[in-house]
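Visitor: sequence below, structure please.
(one chain, ligands or ions: 2)
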Amino acid sequence: MIRDFSYTSLPQRVVFGAGSLQHLGREIDALRARRALVLCTPGQRDKAERVAAMLGAQAAGIFDGAVMHVPIETARDARQAAHNLGADCAIAIGGGSTVGLGKAIALDSGLPILAIPTTYAGSEMTPFYGLTEAGLKTTGKDARVLPRTVIYDPELSRGLPVALSVTSGINAIAHAAEGLYAQDANPVMDLMAEQGIAAMARAIPAIRRDSGDMQARTDALYGTWLCGTVLGCVGIALHHKLCHTLGGSFNLPHSEVHTVVLPHAIAFNAGVAPQAMEVIARALGTPSAALGLYALAKDNGAAVALRDIGMREQDLDRAADLAVSNPYWNPRPIGPAERGLIRDLLQRAWGGVPPVEG
Ligand SMILES: NC(=O)C1=CN([C@@H]2O[C@H](COP(=O)(O)OP(=O)(O)OC[C@H]3O[C@@H](n4cnc5c(N)ncnc54)[C@H](O)[C@@H]3O)[C@@H](O)[C@H]2O)C=CC1
Ligand SMILES: O=C(O)/C=C\C(=O)CC(=O)O
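Guide: Ligands and ions are numbered 1, 2, ... in the order given. So this is what the prediction gives:
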C-alpha cells in the first residue's frame, strides 16, 4: 500500500564509474572554480597529491589534517588555510572525516565542495555536518554543506582495508535501514534503500574474499550512493542517535560502532516497523532483518561487541542517560520513560550477544 508522502530531491551532480577521477578537470570547470583546496587525512596524502597534480594551476594547496568527528580546532585551521590560499572551492578526497572537514569550511564560507569518497560512509550525499568542541559533538543540517559534485571512482577504494570496508559498508546499510522507517520515509527512498542494502550485502563478503575484486568494489560504491542518498533525504532514528552518543561522547570509532549497534537498534524497532523489516530481510536474503545484520558483521570478521571497540561497561549508564535525554524521532518512543529498555539494549550490544526483538 502506498502511503501519502512528500519528497524533496537534493541538487547534486554524481559521476560514477571506475576511472571517473579522470573527469575531475571537467567537473571543476563546471563549478567555475579557479583555485581548489584539496582536503585529506594524513594517510591519504598521496591521493590528494595526485588530485593536485591533475589540477595544476587550479590547485590552491593541500590541507591534510582531516580527523574523525571534525574537531573545531581542525575546522578553524582548514577555514584559515582556505582563506589564506584564496580558495574558491574545496575538494575532499577521502572518507566521512575528510568530507566532514569540507562541510565545516562550506558552513563558514559557502565554498562549493567537490567530494571524491574513498569509504562507504555516505556523507557526500547529505546536508548534515558534525563538529566536535570540548568533547561534545553537535550535528546540524545546512544546504550549504551539501557537496555540489560527487565523483565515485571504485578504483580509489581498492586499497580500503578489508576490516574497514566491512564496517563502513554496514555504516551505509544503517542509513538505508533507518530510512525505511523514518518519519519522512517515501517510496522513492524505499526503492533506493532496498537496492542499496542488497548491493552492500553482495559486496561485503566478496570484498572479504578478495579486496581487489573490482566488481565488488563497484557494487559497494553503488550501495554507498544509494544508502547515502537515503540518509540525505529522509530522517534518522534510534540507531543513529545511539551511534552519535557513543561516537561523540565516548570517542568510539564511527563505522565500528554502527556495525555493533545496528542489529540491536533494528531489533528494538522490529515490532513497530514490520514492512521495513521485510524489506531489510529481503535485501539481505535472510529470514530476520536483525539477525541477518548481526550475521553479516560477525561472518565477515567485524567486532559485534562494544566492549571490543573500546567501550567501558561502567559508561553504559551514562550513555543510556545521554541517548534518552534528547532523543531523535523514532517509530517507537525512546524518551526518558524507555531509559531501562535502552540500557538493556546497550548491555546486549556491549556483550556482543545476538539481538533480541521486543
Ligand atoms: N554528515 C554525514 O552525513 C555523515 C558523516 N559521517 C562522519 O564521517 C566520519 C567517519 O567517516 P569514515 O569514512 O567512516 O572514516 P574516515 O574518513 O575517518 O576514514 C577512516 C580511515 O580510513 C582511511 N581511508 C579512507 N579511505 C581509504 C582508502 N580508500 N584506502 C585506505 N585508507 C583509507 C582514512 O585516512 C582514515 O584513516 C565520522 O566523523 C562520521 O560522523 C559519516 C557518515 C555520514
Ligand atoms: O552517523 C552517521 O553515519 C551519519 C551522520 C553523522 O555521522 C553526522 C556527522 O557527524 O556528520
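
Visitor: do the helix or strand of the chain with the lowest mean pLDDT and ligand 1 meet at all?
Guide: In the chain, no helix or strand scores lower on mean pLDDT, DSSP states H and E than strand 136-141, which sits at a mean of 88. No. Strand 136-141 does not reach ligand 1 (C-beta under 6 Å from any ligand atom); its nearest approach is 7.1 Å. Using the backbone N, CA and C atoms, a C-beta is placed for each residue, glycine as well.

Visitor: next secondary structure after the helix ranked longest in the chain?
Guide: Criterion DSSP state H: the longest helix present in the chain is helix 187-209. On the C-terminal side of helix 187-209, the closest following helix or strand by DSSP states H and E is helix 214-233.

Visitor: between that next one and strand 136-141, how many degrees?
Guide: Going by axes from the mean of the first three to the mean of the last three C-alpha atoms, to 10 degrees, helix 214-233 is angled at 80 degrees with respect to strand 136-141.

Visitor: please list the residues of this protein that sit near ligand 2.
Guide: So far as C-beta under 6 Å from any ligand atom goes, the chain lies against ligand 2 at 100, 128-130, 139, 171, 240, 243-244.

Visitor: pick out the most distant pair among those residues.
Guide: Across the residues of the chain next to ligand 2, the longest distance by C-beta to C-beta is 16.6 Å; it joins Tyr129 and Asn171.

Visitor: neighbour count: the two, which is higher?
Guide: Legend: neighbour count by other C-beta atoms under 10 Å for Tyr129 and Asn171, higher for Asn171 (30 against 24).

Visitor: using CSV, write out every CA atom in the helix or strand where that one lies.
Guide: According to DSSP H and E, Asn171 maps onto helix 162-179. C-alpha atoms of helix 162-179 as CSV (Å, rounded to 0.1, in the frame of the first residue of the first chain):
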residue,chain,number,x,y,z
VAL,A,162,39.0,-5.2,4.4
ALA,A,163,38.1,-4.6,8.1
LEU,A,164,37.1,-1.0,7.4
SER,A,165,35.4,-2.0,4.1
VAL,A,166,33.1,-4.3,6.1
THR,A,167,32.2,-1.8,8.9
SER,A,168,32.0,1.1,6.5
GLY,A,169,29.6,-0.9,4.3
ILE,A,170,27.5,-1.7,7.4
ASN,A,171,27.5,2.1,8.2
ALA,A,172,26.0,2.6,4.8
ILE,A,173,23.4,-0.1,5.4
ALA,A,174,22.4,1.6,8.6
HIS,A,175,21.4,4.8,6.7
ALA,A,176,19.1,2.8,4.4
ALA,A,177,17.7,0.6,7.1
GLU,A,178,16.6,3.6,9.2
GLY,A,179,15.4,5.4,6.2
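
Visitor: isn't His239 right up against Val260?
Guide: No. At 10.8 Å, His239 and Val260 do not qualify as touching, with contact defined as C-beta atoms under 8 Å.

Visitor: mind checking which of those two has more residues around it?
Guide: Comparing His239 with Val260 by other C-beta under 10 Å, the one with more neighbours is Val260, at 28 against 24.

Visitor: tell me which element that one falls in.
Guide: Counting by DSSP H and E, the element that carries Val260 is helix 254-269.

Visitor: and the angle from that helix to helix 162-179?
Guide: 40 degrees.

Visitor: just checking, Ile62 is part of a strand?
Guide: Yes. Under DSSP: H, G, I helix; E, B strand; the rest coil, Ile62 sits within a strand.

Visitor: which strand or helix spans the residue in the stretch 101-250 of the chain that ligand 2 sits nearest to?
Guide: Nearest residue of the stretch 101-250 of the chain to ligand 2, counting by C-beta to the nearest ligand atom: Gly130, 2.2 Å away. Assigned by DSSP H and E, Gly130 falls within strand 128-133.

Visitor: and the residue nearest to the spatial centre of the chain, what is it in contact with?
Guide: In the chain, the residue lying closest to the centroid (C-alpha atoms, centre = their mean) is Ala121, at 3.0 Å. Listed by C-beta atoms under 8 Å, 6 or more residues apart in numbering, the contact set of Ala121 reads 95-96, 99, 168, 171-172, 224, 228, 254-255.

Visitor: and those, which are buried?
Guide: Buried subset of those (neighbour count, 16 or more other C-beta atoms under 10 Å): 95-96, 99, 168, 171-172, 224, 228, 254-255.

Visitor: may I see these arranged in TSV, with pLDDT as well?
Guide: Below are these laid out as TSV (pLDDT from 0 to 100):
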residue	pLDDT
Gly95	98
Gly96	98
Val99	98
Ser168	98
Asn171	98
Ala172	98
Thr224	98
Gly228	98
His254	95
Ser255	98
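
Visitor: export those as TSV, with columns for distance to Ala273.
Guide: Formatted as TSV, those follow (distance: C-beta to C-beta, whole Å):
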residue	distance to Ala273
Gly95	29
Gly96	26
Val99	29
Ser168	25
Asn171	20
Ala172	19
Thr224	23
Gly228	21
His254	24
Ser255	23
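
Visitor: which of the residues of the chain next to ligand 2 count as buried?
Guide: 100, 128-130, 171, 240, 243-244.

Visitor: how close does Val279 sit to Ala267?
Guide: Counting by C-beta to C-beta, to the nearest Å, the gap between Val279 and Ala267 amounts to 16 Å.

Visitor: off-centre distance for the helix or strand encompassing Trp350?
Guide: Here Trp350 sits within helix 339-351, counting by DSSP H and E. The chain centre lies 23 Å from the centre of helix 339-351; the measure is C-alpha atoms, centre = their mean, to the nearest Å.
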